[in-house]
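# need a 3D model of the following:
(one chain, ligands or ions: 1)
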Amino acid sequence: MTVTSDIYEISNPKDIPSLRRALVNRLIYSIGKDPVETNERDWFFALAYVVRDLLTLRWMESMRRYYLQDAKRVYYLSMEFLIGRSLVNSLLNIGCYNEFKQVLEDVGLNLDELAEAEEEAALGNGGLGRLAACYLDSLATLQLPGFGYGIRYEFGMFSQSIEDGYQVEHPDNWLRYGNPWEFARPDVLYRVQFRGRVVEYRESDGEVRYRWIDTEDVMAMAYDIPVPGYGGETVNNLRLWAAKASRDFELKYFNEGNYIKAVEQKTRSENLSKVLYPDDTTQMGRQLRLKQEYFFVSASLQDILKTYSADHRGFAALPQEVAVQLNDTHPSIAIPELMRILMDEYRVPWHEAWNITVQTFSYTNHTLLPEALEVWSVRLFEELLPRHLHIIYEINYRFLKEVSERFPGDLDLIRRVSVVDEEHGSRLRMSHLAIIGSHKVNGVAELHSRLMKTTIFRDFDRIFPDRFVNITNGITPRRWLNQANRDLAALITESIGSGWVTDLERLRELAPLADDAAFRERFRAVKLANKTRLAALIDKRLAIRIDQTSLFDVQVKRIHEYKRQLLNVLHVITRYNRLRSGKSGDIVPRTVIFGGKAAPGYHAAKLIIKLINDVAKAIDRDPAVDGVLKVVFVPDYNVSRAMEIIPAVELSEQISTAGMEASGTGNMKMAVNGAITIGTLDGANIEIREHVGEENIFIFGHTAGQLEELRRDGYDPWRYYRSNDELKLALDMIATGYFSPDEPDRFKSLVDSLLRDGDKFAVLADYGSYVACQEEVDRLYRDPEAWTRKAILNVAHCGWFSSDRAVREYAERIWDIPTCR
Ligand code: 26V
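Model (predicted):
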């Protein structure tokens with residue numbers, strides 16, 4: 001049909017009466033509630049539907065534009081998209097926040113309170129998933145044709161409660177009341193095969209080909225979520241797949257008259273997209289996880305090729321029309337899958353299919369930790385994906401042949417770079433497959449990318465010298481500054497205009513204001529207001545009173561030994577001991593805030609949470625430190641919590657063992673919100689130091705290189721224990737039950753990991769310089785003008801860490817896609 005603008009319900013999104021009408025209409029006709037009998041959730045849903053309506057038109061317009069311009073598209077394949085809440089973000093991006101605030105006030109409601117009724121989309125573990133969400137925001141804002149593909153988990157990241165100081169996990173039933181942002185697409189449905197067997201046959205042209213048959217199939221059904229860019233011009237799409245039982249599968253049992261069995265099978269296959277795996281620290285080789293990976297990869301590739309084939313013949317031009325970014329190795333099965341589709345379904349010869357594949361894919365590595373690198377047993381692959389296993393073998397065979405021709409006689413090299421690891425019982429190294437099958441491989445910060453090339457992938461860097469690149473991570477300024485810190489955003493806009501929202505490097509214009517006493521005063525007032533707001537939330541939710549004038553010292557991130565929350569705790573205990581013994585001088589009052597989830601099976605991480613809570617309790621009970629030291633563990637750290645906490649941070653703890661945190665992104669969020677970093681020379685901290693200047697950051701500890709040396713010479717944690725009385729005291733207190741009198745041995749294993757188990761994360765080696773550095777922090781904090789000056793310079797010089805800059809680099813250096821206006 002022909003569409004003219006007069007048929008749209010809201011012709012002008014700035015027209016308050018028509019917005020009000022739309023809102024009430026949704027409440028009545030979509031929610032089915034009488035406006036006089038509603039709760040906050042009803043209004044939230046009605047409002048979300050109106051906002052989605054506004055997005056939908058722009059979204060269709062964007063899709064039309066891409067189609068008409070035959071724009072090259074990028075597809076971001078990720079097992080995780082940690083989106084958080086969407087209401088306020090969407091309103092700000094389409095520029096209707098104030099209008100809707102007004103509309104709601106007219107009916108006696110408060111927009112920001114309503115926004116709390118939204119369940120957050122916690123479809124990710126941490127940094128990797130949040131990065132994907134930031135990149136979607138930047139793709140849309142930069143008007144790039146970028147599409148996310150992932151899984152519509154019925155249960156996202158578990159929610160965390162703290163009971164008796166211990167983490168308790170609860171299922172995240174986020175879809176309970178429905179998801180107002182998504183469009184279900186029951187007609188966008190693909191078959192995904194598993195198991196079965198491969199038969200070889202000879203075709204009329206004489207070629208040997210393969211057919212994958214007798215498979216057990218699951219259907220993938222699409223759900224679309226619109227992704228608005230800032231300014232609202234472009235709205236992109238995030239397509240998430242949900243598993244549905246296949247008819248055939250059910251029919252088999254129905255036909256046998258076994259109704260119950262049929263329904264059972266249906267449930268079994270629909271379990272595939274049930275839950276997000278919450279363990280981002282150890283690869284656990286579970287069958288369901290591999291099925292999830294192939295499920296979403298297969299559906300996404302079918303969908304991508306369908307779009308491509310709608311107006312292209314043959315596949316030779318695929319790399320000119322399509323770029324596929326693999327977010328870590330989790331979707332790397334896409335490489336053999338594309339080979340399979342091209343060869344088995346479209347008869348493309350190997351050589352041609354391989355060139356297309358390599359030119360289409362690129363891979364981002366997010367970790368060097370050996371225990372997190374993905375490997376799958378050959379046996380499991382053989383069982384679930386027999387055809388893919390054979391293709392991987394063939395890829396590997398041809399690759400190794402080439403390597404042995406280029407590096408004759410180097411058998412050890414062959415063993416090291418092979419996709420198949422024979423030393424640990426025949427396992428597939430997915431990172432090797434991802435590197436071999438991509439034209440570009442990127443790390444996520446300078447140090448990380450360099451270590452990638454010189455340590456775990458050094459052989460590959462020799463084999464493919466132009467393949468490895470660095471693209472340092474970034475964060476979206478829309479959510480993390482403009483939305484999360486409304487007061488600071490307003491102050492910045494008042495000072496330098498609003499251009500920074502889409503051009504974050506403009507924050508540089510704030511630098512001269514660091515020397516302006518009146519500006520410093522206002523900047524400090526904003527930080528204090530944010531701290532007061534956080535203090536009120538902590539009081540309301542946890543019934544814990546904190547002093548909003550104390551220094552807010554914050555470490556929020558997943559709990560992991562390499563992130564060294566233990567080092568932070570050791571400093572807290574040391575501070576406590578100094579206060580008790582009266583050796584503290586005029587110590588600065590501090591509130592040390594922790595937050596983060598531990599993987600449910602990660603015993604040490606869970607024990608660290610208990611230790612933090614036990615230390616907090618001991619300190620609370622001791623009148624000697626009342627008003628000068630307070631420890632708070634904020635339960636259920638997630639995107640919404642992050643948006644409340646980060647604007648209030650003064651000291652940003654980024655204290656990972658050098659060489660272990662690939663990038664970090666919380667470090668960027670805090671710095672751009674006016675926190676000063678205390679950190680090691682790790683991940684993006686190094687680049688933050690380069691941008692803000694070494695006088696505006698607190699750096700301590702061994703460098704990655706020094707740690708390597710230390711380990712080479714035989715690192716002895718006992719040496720540090722014996723030679724530092726304060727360290728010895730802190731460790732002895734933990735080990736002998738000072739903080740756990742009811743169970744003195746509770747934390748023995750933690751202390752053992754430091755003293756008897758080699759201290760893998762060099763906590764003891766960095767303790768001395770960390771504590772000394774914290775004294776410097778106190779010294780600076782005692783001079784509020786000097787502190788504020790540095791805080792302002794952090795904001796001014798962190799513009800480079802915008803995800804707009806990062807995505808622009810991907811677009812230019814990897815995807816080769818221009819903007820599409
Ligand atoms: C690994 C696994 C292993 C198998 C089961 C589930 C699962 C889920 C996620 C992961 C990935 C861990 C890697 C990761 O999240 N890396 C983080 O990526 C951030 C964005 O690049 C970066 O800032 C962090 O430094 C890095 O730790």
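
# of all residues in the stretch 101-250 of the chain, which one is closest to the ligand?
The nearest approach of the stretch 101-250 of the chain to the ligand comes at G127, 2.9 Å away (Cβ to the nearest ligand atom). In this view, the C-beta of every residue, glycine as well, is placed from N, C-alpha and C.

# how many neighbours does that residue have?
Here the number of neighbours of G127 (other Cβ atoms under 10 Å) works out to 24.

# quick one: contacts for the nearest residue to it once chain neighbours are set aside?
In space, and not counting its chain neighbours, G127 is closest to T665: 5.4 Å by Cβ to Cβ, 6 or more residues apart in numbering. Counting by Cβ atoms under 8 Å, 6 or more residues apart in numbering, T665 touches G127, R130, L131, C134, N473, G474, I475, A684.

# give me the pLDDT value at T665.
pLDDT, T665: 98.

# now the phi/psi pair for it, please.
The phi and psi values for T665, taken as degrees, to the nearest 10, are phi -130, psi -20.

# quick check, V50 in contact with V24.
No: V50 is beyond contact range of V24, at 9.7 Å (criterion: Cβ atoms under 8 Å).

# returning to what we had before: quick one: which of the contacts of T665 sit in helices?
G127, R130, L131, C134 (DSSP state H).

# and the furthest pair within the residues you listed?
Greatest spatial distance in those: G127 and C134, 10.2 Å, computed using Cβ to Cβ.

# give me the neighbour count for the residue lying closest to A489 once chain neighbours are set aside.
Once flanking residues are discounted, A489 sits nearest to N482: 4.8 Å by Cβ to Cβ, 6+ apart. When counting by other Cβ under 10 Å, one arrives at 23 neighbours for N482.

# same check on the one 3 residues further on?
Counted with other Cβ under 10 Å, the neighbours of N485 add up to 24.

# strands of the stretch 651-800 of the chain, start to end?
Using DSSP state E, counting those that start in this stretch, the strands of the stretch 651-800 of the chain run over 651-654, 676-679, 698-699.

# and those as a markdown table, adding mean pLDDT and mean neighbour count?
A markdown table is the format used below for these (pLDDT from 0 to 100; neighbours: other Cβ atoms under 10 Å):
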| stretch | mean pLDDT | mean neighbour count |
| --- | --- | --- |
| strand 651-654 | 99 | 28 |
| strand 676-679 | 99 | 25 |
| strand 698-699 | 98 | 20 |
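
# need those in JSON lines (columns: distance to M219).
Formatted as JSON lines, these follow (distance: least, Cβ to Cβ, whole Å):
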{"stretch": "strand 651-654", "distance to M219": "44"}
{"stretch": "strand 676-679", "distance to M219": "47"}
{"stretch": "strand 698-699", "distance to M219": "53"}
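
# of these, which is nearest P13?
Relative to P13, the nearest member of these by Cβ to Cβ is strand 651-654, separated by 37.5 Å.

# check whether that closest one comes near the ligand.
No: Strand 651-654 stays clear of the ligand (Cβ under 6 Å from any ligand atom), getting no nearer than 10.0 Å.

# what packs against that strand?
strand 551-556, helix 666-672, strand 676-679 (3 or more Cβ pairs under 8 Å, 6 or more residues apart in numbering; DSSP states H and E).

# buried deepest among the ones you listed, which one?
helix 666-672 (a mean of 29; mean count of other Cβ atoms under 10 Å).

# let's see it as CSV, backbone CA atoms only.
Only the C-alpha atoms of helix 666-672 are listed here, as CSV (Å, rounded to 0.1, in the frame of the first residue of the first chain):
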residue,chain,number,x,y,z
GLY,A,666,34.7,0.4,33.8
ASN,A,667,38.0,2.3,34.1
MET,A,668,36.8,4.5,31.2
LYS,A,669,33.3,5.0,32.5
MET,A,670,34.6,6.2,35.9
ALA,A,671,37.3,8.5,34.5
VAL,A,672,34.9,10.2,32.2
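
# pLDDT value on I260, please?
88.

# following element in sequence after whatever helix or strand it lives in, please.
Secondary structure assigned from DSSP states H and E places I260 in helix 259-270. Next in sequence after helix 259-270, counting helices and strands by DSSP H and E, comes helix 287-310.

# after that next one comes which helix or strand?
Heading C-terminal from helix 287-310 (DSSP H and E), you reach helix 318-321.

# tell me the mean pLDDT over the helix or strand following that following helix?
Next helix or strand after helix 318-321 toward the C-terminus (DSSP H and E): strand 322-327. Per-residue pLDDT over strand 322-327 has a mean of 98.

# from the chain's centroid, how far away is the helix or strand following strand 322-327?
Reading on from strand 322-327 to the C-terminus, the next helix or strand found by DSSP H and E is helix 334-340. From the chain centre to the centre of helix 334-340 is a distance of 26 Å (Cα atoms, centre = their mean, to the nearest Å).

# contact partners of helix 334-340?
77, 212, 294, 297-298, 300-301, 324, 326, 350, 353-354, 356-357, 360-361, 387-388, 391-392, 395, 433-434, 436-438.

# got it, and stretch 397-410?
Taking Cβ under 8 Å, 6+ apart as the rule, stretch 397-410 contacts W354, L413, I414, V417, S418, V419, I436, I463.

# dump the C-alpha coordinates for that stretch into PDB.
Extracted C-alpha coordinates of stretch 397-410, given in PDB (Å, rounded to 0.1, in the frame of the first residue of the first chain):
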ATOM      1  CA  TYR A 397      45.100 -29.800   7.100                       C
ATOM      2  CA  ARG A 398      45.400 -27.100   4.400                       C
ATOM      3  CA  PHE A 399      46.600 -24.500   6.800                       C
ATOM      4  CA  LEU A 400      49.300 -26.800   8.300                       C
ATOM      5  CA  LYS A 401      50.400 -27.900   4.800                       C
ATOM      6  CA  GLU A 402      50.900 -24.300   3.900                       C
ATOM      7  CA  VAL A 403      52.800 -23.600   7.200                       C
ATOM      8  CA  SER A 404      55.100 -26.600   6.700                       C
ATOM      9  CA  GLU A 405      55.900 -25.400   3.200                       C
ATOM     10  CA  ARG A 406      56.800 -22.000   4.400                       C
ATOM     11  CA  PHE A 407      58.600 -23.200   7.500                       C
ATOM     12  CA  PRO A 408      60.000 -26.600   6.500                       C
ATOM     13  CA  GLY A 409      61.000 -28.900   9.200                       C
ATOM     14  CA  ASP A 410      59.500 -27.000  12.100                       C
END
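
# so which bits of that stretch are buried?
F399, L400, V403 (16 or more other Cβ atoms under 10 Å).
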